[in-house]
Structures are given as C-alpha cells and as structure tokens.
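Asks: Structure for this input, please:
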Amino acid sequence: MASKHKMTEMLDGYECYREFMDKLAECNVDEYVNLPMIAVMGDTSSGKSSLLSNISLVDLPSSDTLTTRCPIRLQMSTAETKSARVKVVWKDIPKGDGIDFPIQTVGESNWDDITGFIAAAQAHIIKKSGREVARDVVCVDMKGPHCENLTLIDLPGIVRSTGEGES
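Replies: Prediction:
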C-alpha cells in the first residue's frame, strides 16, 4: 500500500499533467490531437445540462427553448474557497469589432452570478458568430471545496427532425 506522501506526489504529478492538457485545449491543439475530457451528448432537452449541474453544483443556463448553443467547458479543481472565471475561447474567430468578451470573475460573495455570466458568454458567442449553434466554447475555470479535479463538457443537443411523410 502506498504511503500518504507517495500518494500526494502522484496527485501533484497528475495536476501538472491536467494543467498542461488544459493549456493545450486553450490553444486549440485539440483540433489536431484528441485530448481526454468527459463530454455529455444527447438529444435536445434530454437532461445533459441538468446532469452536469448536479455534478458541478453550478446551475447551467436553462429554459424551455434550445439552451446549450455552444460547448460549455467546466474545468474544476479542488481549493479551499470558491472562485471561478468565465471566458470565451473562439474556435472560429468572427470578423468585425467587439468580439472580445471580458473575463468574468466570481468569488464566494457573488457565486450566484455564475449562471448569468455563462449565459452572457453564450449569448455573446451566438451574436458574434451569427449562428444558432456554434463550436466556440464558454470556458468556466472553477475552484472550490465542492470541486473534483475534473473537466466536463456540455455540448449542444442533437436536433432530430423528420420530413413530410417520415416518422
């Protein structure tokens, strides 16, 4: 059985690996190399965002209409106090002015604002990309005692439609 010290060293090494993987993803290296992450996929309104909300303890934006219009990446890390940053990472950089989305910072005192910041980042992506669904990413870097060292991805739902005469 490994000693507590040995286990701590192993976990510290894992955290360095995870930070490296997160940096690669931020630089769009995932276009060329498959990086490991947990992603939730399924039909629209099938509960993907609700599942990730329950795992992360962050209320992801929801409504009766199509909710997740671009990927939302929740990068969670264990820490003593709650903090988060919400930012946009462009995969397809739109043309024009005003594409920058200011990084939104959340702490213990305004933790309830995180859902609104995620919704604002997603709305910014949709407005600037000119698409109903985009591949640009809302990144939520979050730390706290409630967080596991885990990256979760909420993807837009699969829209199934049928043509006339199809079932």
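Asks: what sits up against whatever helix or strand residue 117 lives in?
Replies: Under the criterion of DSSP states H and E, residue 117 resides in helix 114-129. Helix 114-129 has contacts (Cβ atoms under 8 Å, 6 or more residues apart in numbering) with 58-61, 68-70, 72, 84, 86-88, 92, 94, 96, 98-99, 101, 104, 106, 132, 134, 136, 138, 140, 142. Heads up, the C-betas are built off the backbone N, CA and C, glycines and all.
Asks: try 7 Å this time
Replies: 58-61, 69-70, 72, 84, 86, 88, 92, 94, 99, 101, 104, 106, 134, 136, 138, 140 (Cβ atoms under 7 Å, 6 or more residues apart in numbering).
Asks: of these, buried ones?
Replies: 58, 60-61, 69-70, 72, 84, 86, 88, 99, 101, 104, 106, 134, 136, 138, 140 (16 or more other Cβ atoms under 10 Å).
Asks: Could you pull up phi and psi at residue 43?
Replies: phi -60, psi 160 (degrees, to the nearest 10).
Asks: Would you state the strands of this structure in chain order?
Replies: With DSSP state E applied, the chain shows strands at 38-40, 72-78, 83-89, 104-107, 137-144, 150-154, listed in chain order.
Asks: Okay, angle between the third one and helix 114-129 too, please.
Replies: Just to be clear, that refers to strand 83-89. 10 degrees (axes from the mean of the first three to the mean of the last three Cα atoms, to 10 degrees).
Asks: Strand partners (parallel or antiparallel) of strand 83-89?
Replies: If you go by DSSP bridges, strand 83-89 pairs up with strand 104-107 (antiparallel), strand 137-144 (antiparallel).
Asks: what stretches of this protein score poorly on pLDDT?
Replies: 1-22, 25, 28-37, 63-66, 159-167 (pLDDT under 70).
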